[in-house]
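>>> need coordinates for the below:
(one chain, ligands or ions: 1)
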Amino acid sequence: MIEAEWWDYEERDEFVDALAGDIGFIIESALDARGSAVVALSGGKTPVAAYEKLAKQKLDWKHVTIFPADDRLVKIDSPMSNVAMLAKIFLPKGARVMPLGTDNPDYKAAGAAADARLQDVSWPPDLILLGMGEDGHTASILPGPDLQGALDAPKARRAIGVMPDPLPKDAPVARVTLTAAAIRQSRSLLIAITGEKKKEVLEAAIEEGASSKYPIGRVLAESDLAVDIHWSAE
Ligand SMILES: O=C(O)[C@H](O)[C@@H](O)[C@H](O)[C@H](O)COP(=O)(O)O
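Model (predicted):
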């Protein structure tokens, strides 16, 4: 049974403030407890304003490691690069921003390299923040030939290369993504989505769990983590 707590906001600003506050609190708690923080942050547009707000917080950024929960296999100067978006916001704060993937044309090799990179990161992450598409994908756990591999990878496998099919319109490229197993290992899990359609999809995915046609339902179904969901109507 997926344990999810919804935090609903009518105004986008409230959503941005609350999400930035939650992420900052988790980072600060990790710094207090362990002197360092490791967070995986979602790509996409929804959380960017919250990241910009979070970057204004007075945290010991030099002891914070940030990496994308998934990334498109594109050059760093591509507008589709999630790590470039995170670097632009957090590198000036002195945080360590770590790429997950490179623009390796062999996406399976890129996935293996991303996994090797994550083996050197102190684990588990203190936080994984996920977004979700209207098709119920999360990170880059998307329909296609690699969906099962991303969902069923063993606990030791933290990242994998995926070639979505169909290719998402907004970023029609191969990707690397955290596996479902890696997501489930996080010390804390947040989801940030907006709009009625995504709320409907996520509610259905949580209800359906392991049998859901939505990848996020299958990711969350095997997780023992309580999930906090931040949702804004607009
Ligand atoms: O690389 C990505 O695209 C993201 O990690 C992806 O999982 C994203 O979170 C959703 O597609 C929602 O994206 P929006 O926030 O832009 O709707």
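>>> can you tell me what sits against stretch 55-64?
With contacts defined as Cβ atoms under 8 Å, 6 or more residues apart in numbering, stretch 55-64 is touched by 20, 24, 27-28, 31, 35-39, 89-90, 92-96. For glycine as for every other residue, the C-beta is placed from the backbone atoms N, C-alpha and C.
>>> buried ones in that stretch, by neighbour count?
For stretch 55-64, burial by neighbour count (16 or more other Cβ atoms under 10 Å) applies to 55, 59, 61, 63-64.
>>> mean confidence for stretch 173-191?
Averaging pLDDT along stretch 173-191 yields 98.
>>> could you list the low-pLDDT ranges of this structure?
Residues of the chain meeting the criterion pLDDT under 70: none.
>>> can you check which helix is longest in it?
Scanning the chain for the helix with the most residues, using DSSP state H, yields helix 12-34.
>>> tell me what the helix or strand following that one is packed against?
On the C-terminal side of helix 12-34, the nearest following helix or strand under DSSP states H and E is strand 37-41. With contacts defined as 3 or more Cβ pairs under 8 Å, 6 or more residues apart in numbering; DSSP states H and E, strand 37-41 has these neighbours: helix 12-34, strand 64-68, strand 127-130.
>>> how about the next helix or strand after the shortest one, does it reach the ligand?
Past strand 127-130, further along toward the C-terminus, the next helix or strand under DSSP H and E is helix 147-152. No - with Cβ under 6 Å from any ligand atom as the threshold, helix 147-152 lies outside contact range of the ligand, at a closest distance of 11.9 Å.
>>> go on, stretch 45-53?
Yes - part of stretch 45-53 sits near the ligand under the criterion Cβ under 6 Å from any ligand atom, namely 45-46.
>>> take that stretch, keep the C-alpha atoms, and write them as CSV.
C-alpha atoms of stretch 45-53 as CSV (Å, rounded to 0.1, in the frame of the first residue of the first chain):
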residue,chain,number,x,y,z
LYS,A,45,9.9,22.7,-15.9
THR,A,46,7.6,22.3,-12.8
PRO,A,47,10.2,22.5,-10.0
VAL,A,48,12.6,25.2,-11.5
ALA,A,49,11.1,28.2,-9.6
ALA,A,50,11.3,26.2,-6.4
TYR,A,51,15.0,25.4,-7.2
GLU,A,52,15.7,29.1,-7.7
LYS,A,53,14.0,29.9,-4.4
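>>> tell me which residues in it are buried?
By neighbour count on 16+ other Cβ under 10 Å, the buried set for stretch 45-53 is 46-51, 53.
>>> and for stretch 152-160?
153, 157-160.
>>> now render those residues as a markdown table, adding distance to Ser78.
Formatted as a markdown table, the buried residues of stretch 152-160 follow (distance: Cβ to Cβ, whole Å):
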| residue | distance to Ser78 |
| --- | --- |
| Ala153 | 26 |
| Arg157 | 26 |
| Arg158 | 24 |
| Ala159 | 19 |
| Ile160 | 21 |
